[in-house]
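> Could you look at this predicted model? Sequence included:
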Amino acid sequence: MKVILYMAMTANGMIARENDETPWSGIEWKNYAKEVRKHKALILGRRTYEIMKKSGEFKRVGNPFTVVVTSQSIKSDGNCVFAISPEKAVSIMEERKIKNAVLGGGASLNASFMKSGLVGEIILDVEPMIFGKGIKLFAEENFESYLSLVGIRNLSKNTIQLRYKVRKV
C-alpha cells in the first residue's frame, strides 16, 4: 500500500497558523478534495480529525474511509476507525484492500510516518503566504529522507504544486 502525504503549506513550510487555522485558496482545497476522492482513503491525526469533523470537511472530500492515529481510546464510527500507530493504520488499510491512502496531517503524524518509512509520495501545495509562527510541515523528529521530484504544476498564478517520490535508501 502507498501512503501519499498531501499538505498545503506556506512558502516557509507552515501547514497552519498557531490556532490551527488554514486559510488556503479555493483551488488548493479543490485539488486536495480531488486527491482524497480519487483514493477514497484518508489517514489523519486526532486533532486534524476533530477539526475536519467540526467543520464538515469530510463531506467536502467525499466521505472517505478514514483511519485516525491516536493514543486515546475512541470508539470507531462506521466509516472512521482509530489506530494506535502509523503501522497499525497502514495495516487497517491493507486489510481493506486499499491500494493508496492520503496522509492528511498534522505535523506529528507526518513526522511519525516519515520516521517509520511509510510515506511513498509527497504532494505539497505551496500557497503565496508566510506565517512567522505556525505549525510546521513536520514536528521535530530524528529522521532523514531523500526525494525525487516527479512534477511541478501551477494550480493558479501564485500557487504551485510539488510532487515528490520518497526514495528508498
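Right, received. Where do you want to start? Numbers count the residues shown, from 1 in each chain.
> most centrally placed residue in this structure?
Nearest residue to the geometric centre of the chain (C-alpha atoms, centre = their mean): Gly104, 1.9 Å.
> From what I see, that residue and Val36 are in contact.
Yes: between Gly104 and Val36 there is a contact under C-beta atoms under 8 Å: 7.4 Å. All C-beta spots, glycine's among them, are computed from the backbone N, C-alpha and C.
> which stretches of this protein form strands?
With strands called from DSSP state E, the chain shows them at 2-9, 14-16, 41-45, 65-69, 80-83, 100-103, 119-126, 135-136, 146-154, 160-167.
> Now mean pLDDT, distance to Tyr32 and mean neighbour count too, for those, in CSV please.
As requested, those are exported to CSV (pLDDT from 0 to 100; distance: least, C-beta to C-beta, whole Å; neighbours: other C-beta atoms under 10 Å):
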stretch, mean pLDDT, distance to Tyr32, mean neighbour count
strand 2-9, 98, 6, 22
strand 14-16, 97, 12, 23
strand 41-45, 97, 10, 25
strand 65-69, 97, 14, 23
strand 80-83, 94, 18, 19
strand 100-103, 98, 8, 24
strand 119-126, 98, 7, 20
strand 135-136, 97, 16, 20
strand 146-154, 98, 14, 11
strand 160-167, 98, 10, 16
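> and Ser112, which of those is closest to it?
Proximity to Ser112, assessed across the strands of the chain by C-beta to C-beta, is greatest for strand 65-69 (7.6 Å).
> partners of that closest one in the sheet?
Sheet pairing of strand 65-69 (DSSP bridges) gives strand 41-45 (parallel), strand 80-83 (parallel).
> Please save the CA atoms from that strand in PDB.
Output of strand 65-69 as PDB, limited to C-alpha atoms (Å, rounded to 0.1, in the frame of the first residue of the first chain):
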ATOM      1  CA  PHE A  65     -12.800   5.700   4.700                       C
ATOM      2  CA  THR A  66     -10.700   7.300   7.400                       C
ATOM      3  CA  VAL A  67      -8.100   6.000   9.900                       C
ATOM      4  CA  VAL A  68      -7.300   8.300  12.800                       C
ATOM      5  CA  VAL A  69      -4.000   7.700  14.500                       C
END
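> what about Lys30, distance to Phe143?
31 Å (C-beta to C-beta, to the nearest Å).
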